[in-house]
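Asks: next input, structure requested:
(one chain, ligands or ions: 1)
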Amino acid sequence: MIYRRLGRSGLQVSLFSLGSWVTFHNQVDHVGVREMMAMAWDAGVNFFDNAEVYANGESEVLMGKALKELSWNRLDYVISSKFYWGLKGGEMPQSSINSRNTLNRKYLLQAVDGSLQRLGLEYLDLIYCHRADQHTPIEETVWAMHHIIEQGKALYWGTSEWSAAEIMAAWEIAERHHLHKPVMEQPEYHLFHRQRVEKEYARLYEHMGLGLTTWSPLASGLLTGKYLNGVPEGSRASLQALSFLKEGLLDPDKNAAVAELRDFAQSINCSVSQLALAWVAHNPHVSSVILGASRQEQLQENLAALHVLKALTPENVQRIESITEKYAD
Ligand code: NDP
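Replies: Predicted coordinates:
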């Protein structure tokens with residue numbers, strides 16, 4: 001495994017980490033979760049990503065159970081959670097007005113307690129504001145995140161899918177008041193989605209030392225080539241709850257590019273999934289690429305993508321990008 005510092009912080013995270021969105025509870029049961037986490041751990045993974053809203057809290061419950069059974073040394077692993085949507089997505093009853101779609105102080109301070117309880121942990125390593133909240137002043141959110149860290153309930157905080165301007169505003173408030181600053185962002189980043197990481201955030205890496213833990217490195221499975229001939233049974237696009245992803249996963253132009261990419265991957269002795277993962281890891285601003293997998297075989301294949309990094313010569317990177325960049329945003 002390769003370890004990188006989380007931005008300018010002193011914390012070192014594994015270049016590949018394991019996330020639980022969609023999979024834990026919905027596709028992978030208690031035993032499967034433990035086995036997948038153990039497999040990742042054996043490969044050197046030290047960071048496991050979660051969120052309050054994943055499977056309405058059940059993903060945290062399963063990860064907590066697995067951590068208890070695996071009984072690793074608490075110093076050796078990094079656990080995250082994220083807050084914004086509340087414990088349950090979907091329709092919002094009036095009574096939930098202060099606990100859904102918000103980053104207000106009242107919600108954040110109790111949300112962290114809920115996560116800790118479900119995970120069975122005394123502290124979270126990383127906490128993220130899962131989206132920006134247009135209604136709560138950024139200053140209120142920054143103070144709340146600072147207080148959570150001061151209480152010892154989390155060690156570092158960051159954002160997910162905030163604009164560069166919002167991240168910078170939070171950082172400056174923290175700088176002005178000597179508060180704990182946001183350290184990391186969690187953006188979508190893969191061969192078909194590049195703009196934000198490569199252009200919008202460009203100044204933040206140097207200026208504030210922003211680190212990235214990136215999501216959906218395989219574009220929800222599109223970059224594995226599994227959607228070249230329609231929707232395979234049991235795949236993410238076949239899940240009713242995720243039907244909003246289907247059109248994008250079946251995009252003919254992107255799938256044609258994936259087919260071309262697959263031929264190139266074969267020529268350098270790896271799978272197209274491995275090539276796509278190594279490409280994300282190749283970006284030095286990425287501290288950790290969060291992997292997703294619904295089966296152990298997928299995780300095994302994906303973790304082995306680390307070996308493909310050395311094949312990413314400037315010529316090969318150029319070739320990969322020339323195949324996909326027409327369809328990338
Ligand atoms: P990917 O884009 O890598 O998609 C993972 C899915 O692709 C798997 O669950 C599986 O789905 C399929 N897959 C993966 N590897 C293979 C393979 N080798 N062969 C065939 N199919 C494969 O990542 P995710 O979208 O899952 O995101 C990763 C993590 O990022 C999440 O778990 C979460 O922690 C985080 N995340 C954060 C977000 C945020 O807003 N901050 C948003 C989304 C994710 P299947 O078998 O079902 O087809």
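Asks: return the distance of Val308 relative to the ligand.
Replies: Going from Val308 to the ligand by Cβ to the nearest ligand atom, to the nearest Å gives 13 Å. Quick note: C-beta positions are derived from backbone N, CA and C, even for glycine.
Asks: so what's that residue up against?
Replies: Val308 makes contacts with 268, 270, 274-275, 277-278, as judged by Cβ atoms under 8 Å, 6 or more residues apart in numbering.
Asks: of all those residues, which two lie farthest apart?
Replies: In the contacts of Val308, the most distant members under the criterion Cβ to Cβ are Ile268 and Leu277, with 13.7 Å between them.
Asks: taking the stretch 151-300 of the chain, what residue is nearest to the ligand?
Replies: For the stretch 151-300 of the chain and the ligand, the shortest gap (Cβ to the nearest ligand atom) falls at Gly292, measuring 2.0 Å.
Asks: could you pull up phi and psi at that residue?
Replies: In terms of degrees, to the nearest 10, the main-chain angles of Gly292 are phi -120, psi 140.
Asks: skip the chain neighbours and tell me the closest residue to it.
Replies: Closest residue in space to Gly292, ignoring its immediate chain neighbours: Gly19 at 5.3 Å, by Cβ to Cβ, 6 or more residues apart in numbering.
Asks: centroid residue for the chain?
Replies: The centroid of the chain falls nearest to Trp215 when counting by Cα atoms, centre = their mean (3.7 Å).
Asks: got a pLDDT number for that residue?
Replies: Confidence at Trp215, expressed as pLDDT, is 98.
Asks: I'd say it and His193 touch.
Replies: No: between Trp215 and His193 there is no contact under Cβ atoms under 8 Å: 9.9 Å.
Asks: and Lys82, how close does it get to His178?
Replies: In this view, Lys82 and His178 are 25 Å apart by Cβ to Cβ, to the nearest Å.
Asks: now the strands for the chain?
Replies: Assigned by DSSP state E, the chain shows strands spanning 3-5, 12-14, 16-19, 47-49, 78-83, 124-129, 154-159, 182-185, 211-214, 286-291.
Asks: make CSV out of these and add mean neighbour count.
Replies: Shown next, in CSV, are these (neighbours: other Cβ atoms under 10 Å):
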stretch, mean neighbour count
strand 3-5, 15
strand 12-14, 21
strand 16-19, 26
strand 47-49, 26
strand 78-83, 26
strand 124-129, 26
strand 154-159, 24
strand 182-185, 26
strand 211-214, 26
strand 286-291, 25
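Asks: rebuild the ones you listed as a markdown table, extending it with distance to Ala259.
Replies: Converted to a markdown table, these look like this (distance: least, Cβ to Cβ, whole Å):
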| stretch | distance to Ala259 |
| --- | --- |
| strand 3-5 | 32 |
| strand 12-14 | 31 |
| strand 16-19 | 25 |
| strand 47-49 | 30 |
| strand 78-83 | 34 |
| strand 124-129 | 35 |
| strand 154-159 | 36 |
| strand 182-185 | 32 |
| strand 211-214 | 24 |
| strand 286-291 | 23 |
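Asks: for the residue nearest to the centre of the chain, give me its contacts.
Replies: Contacts for Trp215 (Cβ under 8 Å, 6+ apart) come out as 19, 21, 160, 186-189, 290.
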